[in-house]
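[1] structure for the following, please:
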Amino acid sequence: MSLNSSELAEDAPPTRATVGNQCVLWVSIALSVALLVWFYVVEKRFGGGRDFSAFDWIMSAWNDETDYEHGVLFPFVIAGLIVYKFKELKAAACDGSGWGLLAVFVGVLFYVASYRTLQPRIAMAGLPFILWGSAHYLWGWRVAKMLVFPLFFFWLAIPLPSFQQATTHLQLLATSLAHHGSALCGVQTYVEGTTVLPLKGDWKPLDIAKGCSGIRSLMALLMISAAWAYIAKMAMWKRVLLFLCAFPLAILGNALRVISIFVIAEYGNAKWASTTWHDWSGLLLFYPFSLMLLLVIHSVLEGGVPWKKGKSRVLRRVKVTSEGESKPFLSES
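    Here you go, the predicted structure:
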């Protein structure tokens with residue numbers, strides 16, 4: 001019994017040159033990680049007192065004032081998406097490409113620009129370029145292609161400057177929807193700016209503040225719908241549509257939450273409605289409602305509930321032609 005050359009190559013022990021190349025590779029990776037940690041975590045350049053690193057800044061920017069409280073979840077979501085695709089990434093890994101260094105260079109330019117302008121969000125925007133370019137350089141285009149979304153997904157976690165000023169229209173829309181929606185439930189109100197007042201009830205006027213405009217819920221739902229669309233096994237246009245559905249769903253879900261506050265204030269305990277229920281209605285009403293509608297839209301686009309579609313059996317059938325030849329083909333049931 002003889003072995004072919006490929007089998008001999010697989011069984012052959014690694015040469016001294018191969019081991020040396022592996023050592024150089026891992027040393028290069030270790031040095032690159034050390035530089036990344038130094039400039040993004042250790043180097044203090046940003047903030048009012050120049051005492052924040054880029055990492056310190058973004059951790060402090062994920063707060064309720066910027067409506068990016070959900071930002072702390074992004075690293076975990078990104079890690080989860082990479083783990084979800086790990087087997088495919090491992091199978092796709094091949095020789096790297098020098099073109100990846102071009103993306104790394106772009107990321108470095110972002111950091112240099114942020115260093116000169118004292119704008120940490122520019123540095124954070126360049127981080128995905130550095131990570132993606134490194135993956136391209138080390139493991140090739142196929143791996144880099146699969147990592148485009150998980151890495152650049154981080155852009156959604158970077159708070160935008162003067163972001164809250166853009167919530168004015170959402171405030172007015174939420175106020176209008178709450179006013180008309182409450183009327184459908186028998187709660188008569190009138191509106192002064194972004195304040196909703198009762199016509200008959202004895203509850204105090206409720207103001208639709210920036211936080212109640214739905215912008216926080218919208219940003220969090222965009223994160224969820226983007227990750228959901230990425231792992232969905234559908235055509236690209238269906239994934240894009242599923243992601244875009246986050247906008248109307250967030251507006252509709254937030255309107256339902258605000259209406260529920262007015263209804264409870266009218267027919268129940270006004271103080272409890274404006275305090276306890278106001279604080280917990282997002283978790284208990286908005287997210288279950290929005291995620292259920294997102295699941296319904298996904299099921300309509302995919303033609304069935306996702307977990308049942310994923311378990312559809314594959315039948316192997318044999319088609320016999322007139323010449324007597326059998327041709328196997330597959331079909332789903």
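[2] now the helices: where do they sit in the stretch 201-333 of the chain?
    215-231, 236-244, 246-267, 270-272, 278-281, 287-302, 306-310 (DSSP state H, counting those that start in this stretch).
[3] closest to residue 184 out of the ones you listed?
    helix 246-267 (8.3 Å; Cβ to Cβ). Every residue, glycine included, has its C-beta placed from N, CA and C.
[4] tell me what angle that closest one forms with helix 287-302.
    140 degrees (axes from the mean of the first three to the mean of the last three Cα atoms, to 10 degrees).
[5] now helix 246-267: buried residues?
    For helix 246-267, the neighbour count (16 or more other Cβ atoms under 10 Å) marks 246, 249-266 as buried.
[6] and that helix, what does it pack against?
    On a contact count with 3 or more Cβ pairs under 8 Å, 6 or more residues apart in numbering; DSSP states H and E, helix 246-267 meets helix 168-184, strand 195-198, strand 206-207, helix 215-231, helix 278-281, helix 287-302.
[7] so for the fifth one, what gets flagged as buried?
    In other words, helix 278-281. For helix 278-281, burial by neighbour count (16+ other Cβ under 10 Å) applies to 278, 281.
[8] the helix or strand hosting residue 82 vs helix 215-231, what angle?
    Residue 82 belongs to helix 74-84 when elements are defined using DSSP states H and E. Interaxial angle, helix 74-84 versus helix 215-231 (the same axes, to 10 degrees): 10 degrees.
[9] would you put the C-alpha positions of the next helix or strand after helix 74-84 in CSV?
    Using DSSP H and E, the helix or strand that follows helix 74-84 in sequence is helix 86-92. C-alpha atoms of helix 86-92 as CSV (Å, rounded to 0.1, in the frame of the first residue of the first chain):
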residue,chain,number,x,y,z
PHE,A,86,-16.0,30.3,14.7
LYS,A,87,-16.2,27.0,12.8
GLU,A,88,-16.7,28.7,9.5
LEU,A,89,-13.9,31.1,10.3
LYS,A,90,-11.6,28.2,11.1
ALA,A,91,-12.5,26.4,7.9
ALA,A,92,-12.0,29.6,5.8
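[10] so, low pLDDT: which residues of the stretch 1-150 of the chain?
    1-21, 24 (pLDDT under 70).
[11] 80 - rerun?
    Low-confidence regions of the stretch 1-150 of the chain, defined by pLDDT under 80, span residues 1-26, 28, 48, 64-67.
[12] what of the stretch 151-300 of the chain?
    Checking the stretch 151-300 of the chain against pLDDT under 80 turns up 160-172, 193-194, 200-217, 279.
[13] now with 70?
    162-167, 201, 209-214.
[14] for residue 70, see how far away residue 283 is.
    12 Å (Cβ to Cβ, to the nearest Å).
[15] compare the two and say which one has the larger neighbour count.
    Comparing residue 283 with residue 70 by other Cβ atoms under 10 Å, the one with more neighbours is residue 70, at 19 against 9.
[16] for residue 294, see how far away the spatially closest residue to residue 82 that is not a sequence neighbour is.
    Nearest residue to residue 82, sequence neighbours excluded (Cβ to Cβ, 6 or more residues apart in numbering): residue 150, at 5.3 Å. Distance, residue 150 to residue 294, using Cβ to Cβ: 20 Å.
[17] equivalent analysis for residue 233, please.
    16 Å.
[18] these two: which is more packed in?
    Neighbours per residue (other Cβ under 10 Å) separate residue 233 from residue 294, with residue 294 holding more: 21 against 10.
[19] correct me, but the more buried one touches residue 225?
    Yes - between residue 294 and residue 225 there is a contact under Cβ atoms under 8 Å: 6.2 Å.
[20] residue ranges of each domain in this protein, please.
    70-160, 165-307 (automatic domain parsing).
[21] make JSON lines out of these and add distance to residue 33.
    Putting the domains of the chain into JSON lines (distance: least, Cβ to Cβ, whole Å) gives the following:
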{"stretch": "domain 70-160", "distance to residue 33": "9"}
{"stretch": "domain 165-307", "distance to residue 33": "25"}
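[22] mind checking these for the one nearest to residue 61?
    That would be domain 70-160 among these, by Cβ to Cβ, at 4.7 Å.
[23] mind checking the end-to-end distance for the closest one?
    End-to-end distance for domain 70-160: 14 Å, by Cα to Cα, to the nearest Å.
[24] report the distance from it to the chain centre.
    In terms of Cα atoms, centre = their mean, to the nearest Å, the centre of domain 70-160 is found 14 Å from the chain centre.
[25] need the contact list for residue 263.
    Neighbouring residues of residue 263 by Cβ atoms under 8 Å, 6 or more residues apart in numbering: 182, 185, 187.
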